[in-house]
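# task: produce atomic coordinates for the following.
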Amino acid sequence: MSPIRRRLAGRAAAAACLLALCSAPGCAGGSSRGTGREAVRTTPGNQHELEEGERETLLKIARDTVERYVRVREVPDLADYPVTDRLREELGAFVTITNPSPSSPVHPEPLRGCIGNFISTRPLAETVREMAVAAATSDTRFPPVSPAELRDIRFEISVLSPLVPAADPLSIRKGVHGIYIKPRRGFGGGTYLPQVWSEHFPDRDAAYFWSHLCRHKAGLPEDAWRHPESYEVLVYTAEVFGEEE
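Here you go, the predicted model:
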């Protein structure tokens, strides 16, 4: 197994299904498969984090799934992987795909797809397989991943904790908390994964992070996060790991 460097923090659990897109700021990814990309990067977690081998299994599932689906429109059988009890738990997850090379049709934009669910009624390994296909083919911001790109794409997986109300939105911690907001009535809303703040707005405060989400991703008033009577203001953590570039 490859040595793993940790990248972002969190614990994970789940229950019913909610599909969401991650915005372009902060979706980044990678995976390994014997092409000089064996080293895996991750970030600090807690007592609920996955083992190194479990993270590598999920990354391999994501890569194998996309490569097979893009080529022959099939997905691999999970029985072919060492799926542990932890990987059978019903956990939410995002899969992010990037391609920083000239083979990308949106070069030099590295993001090629990012789709996930906060909570799931399916085992984590199955959720990652499903979200890998969705990120490669169904992110409406980008064309589907092509066979010519397969050697250059990278994968990142974010395993998510449950969503909880933010009693004090300004108390969130940079690089630890992801944020999510949606109207209490009607539709809409959006999320930023934990890495968005530390990677894209490192010199900004929590108020800016919330306001940027509302204005640029969720399509809500900039100060919507200040009005919990009208909007659900939620936070979560994530264990984030991906392939070395």
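# which residue is nearest the centroid of this structure?
The centroid of the chain falls nearest to residue 94 when counting by Cα atoms, centre = their mean (3.1 Å).
# average pLDDT across the strand of greatest length in the chain?
Secondary structure of the chain per DSSP state E: the longest strand is strand 231-243. For strand 231-243, mean pLDDT is 94.
# just the CA trace of it, in PDB.
Provided in PDB are the C-alpha atoms of strand 231-243 (Å, rounded to 0.1, in the frame of the first residue of the first chain):
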ATOM      1  CA  TYR A 231     -32.500  29.700   5.900                       C
ATOM      2  CA  GLU A 232     -31.000  26.500   7.200                       C
ATOM      3  CA  VAL A 233     -27.400  27.300   8.000                       C
ATOM      4  CA  LEU A 234     -25.500  24.000   8.400                       C
ATOM      5  CA  VAL A 235     -21.900  22.800   8.900                       C
ATOM      6  CA  TYR A 236     -20.100  19.500   8.500                       C
ATOM      7  CA  THR A 237     -16.600  18.100   8.500                       C
ATOM      8  CA  ALA A 238     -14.800  16.000   5.900                       C
ATOM      9  CA  GLU A 239     -12.000  13.500   5.700                       C
ATOM     10  CA  VAL A 240     -10.400  14.500   2.400                       C
ATOM     11  CA  PHE A 241      -7.800  12.400   0.600                       C
ATOM     12  CA  GLY A 242      -6.600  12.100  -3.000                       C
ATOM     13  CA  GLU A 243      -3.900  11.100  -5.400                       C
END
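# okay, now the domains of the chain?
Per automatic domain parsing, the domain ranges recorded for the chain read 4-162+239-243, 164-237.
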